[in-house]
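One predicted model, sequence on top.
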Amino acid sequence: MSLFLVKHQHPAEACPAGHPQMGPKLLVHLSEPSAESFGVQIHAEAVVDGEHTFYLILSADQAEQVERFMTPFAQAGSVEVKPASYCEQVVARAVC
């Protein structure tokens, strides 16, 4: 599996966290069983307080799986999926 860093941003007025239906749906979507159904494993996730920016560290065989998993977030704002590596891999290959 490959490692990916995902960044999602949305405008304050479109924040799904405060929406009575969307917020709970997104939490269910971010559950381990849901992610696994897309072939994705969630390693970490965090929201930058007050910035409407959400980061995830995910594993999947292909970026397309991550993009499909992130579809609900893309409906509320931007989604960037970037290939990533663990520090040990970067040191072993001697280049970022």
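Cool, got the structure. Keep in mind that what you see is a predicted model, and the values were worked out from it rather than measured.

what residue is smack in the middle of this structure?
Residue closest to the average C-alpha location in the chain (Cα atoms, centre = their mean): residue 56, at 3.9 Å.

Bridge partners for that residue, pull those for me.
Per DSSP bridges, the residues bridged to residue 56 are residue 6, residue 45.

for this protein, what spans make up the strands?
2-9, 40-48, 53-60, 78-84 (DSSP state E).

Could you dump those into TSV with mean pLDDT and distance to residue 33 added?
To be clear about C-beta, it is placed using only N, CA and C from the backbone, and glycine gets the same treatment. Shown next, in TSV, are those (pLDDT from 0 to 100; distance: least, Cβ to Cβ, whole Å):
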stretch	mean pLDDT	distance to residue 33
strand 2-9	98	19
strand 40-48	98	11
strand 53-60	98	15
strand 78-84	98	21
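
Let me have these in CSV, adding distance to residue 19 as columns.
As requested, these are arranged in CSV below (distance: least, Cβ to Cβ, whole Å):
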stretch, distance to residue 19
strand 2-9, 15
strand 40-48, 15
strand 53-60, 15
strand 78-84, 18
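
Look up how far residue 92 lies from the residue nearest to residue 79 when sequence neighbours are not counted.
Nearest non-adjacent residue to residue 79, counting by Cβ to Cβ, 6 or more residues apart in numbering: residue 70, 4.7 Å away. Applying Cβ to Cβ, to the nearest Å, the value for residue 70 to residue 92 is 29 Å.

neighbour-wise, which of these two wins?
residue 70 (22 against 10; other Cβ atoms under 10 Å).

what's near enough to touch the more buried one?
By Cβ atoms under 8 Å, 6 or more residues apart in numbering, the contact list for residue 70 reads 6, 8, 79, 81.
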